[in-house]
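Q: I'd like to go over a predicted model; first the sequence, then the structure.
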Amino acid sequence: MEQMCLERAVREEAVEKWKQLYFAIKNELDDLIQTTYGETLQHKPQEGANTVQELRKEVKVKEDTIETLKGRIALMEKQRNGKEREIDLLRQSLRILGSSNGKNKAPSSATRNLPIFKTKFIACK
């Protein structure tokens, strides 16, 4: 009977040690999972914020590029208008020179053969 009581005490002591070991391991795993999951949650918003910042930078660069291109288009339109005025002045000068050289002569072939440039105006929004 004493031996049964002794075996029971040893068994209960072993069970108690296993329970303590089990709870210690369980707590360690829970802590590890919590810190890992918590870090994941902390990193995700930071990654999202980084992505948003990168996208904003890209948008800013593209907006700057658009503004630069609009400026270049405006400059090209001014140059085109200046060239059109210059061509008109040259045509008028040729007409004047042609009419002052001989009043009875037919219009010179130089003024008849000048190409007429038709340009299309494209409005930018």
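A: Yes, it's here.
Q: Please count neighbours and contacts with C-alpha atoms only from this point.
A: Will do.
Q: Now do the helix or strand containing G38: which elements does it pack against?
A: Using DSSP states H and E, G38 sits within helix 2-101. Counting contacts by 3 or more C-alpha pairs under 8 Å, 6 or more residues apart in numbering; DSSP states H and E, helix 2-101 is packed against helix 109-112.
Q: what about the helix it packs on, average pLDDT?
A: In this model, helix 109-112 carries a mean pLDDT of 60.
Q: Stretch 64-75 too?
A: pLDDT averaged over stretch 64-75 gives 96.
Q: Could you tell me how far it lies from the centre of the chain?
A: A distance of 17 Å separates the centroid of the chain from that of stretch 64-75, by C-alpha atoms, centre = their mean, to the nearest Å.
Q: Give the buried residues for it.
A: Within stretch 64-75, no residue counts as buried by 16 or more other C-alpha atoms under 10 Å.
Q: In CSV, list the C-alpha atoms belonging to that stretch.
A: This file holds the C-alpha atoms of stretch 64-75, laid out as CSV (Å, rounded to 0.1, in the frame of the first residue of the first chain):
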residue,chain,number,x,y,z
ASP,A,64,6.1,67.9,-63.7
THR,A,65,6.7,66.1,-67.0
ILE,A,66,3.2,67.2,-68.2
GLU,A,67,3.9,70.8,-67.3
THR,A,68,7.2,70.7,-69.1
LEU,A,69,5.6,69.3,-72.2
LYS,A,70,2.8,71.9,-72.1
GLY,A,71,5.5,74.6,-72.0
ARG,A,72,7.3,73.0,-75.0
ILE,A,73,4.0,72.9,-76.9
ALA,A,74,3.3,76.5,-76.2
LEU,A,75,6.8,77.5,-77.3
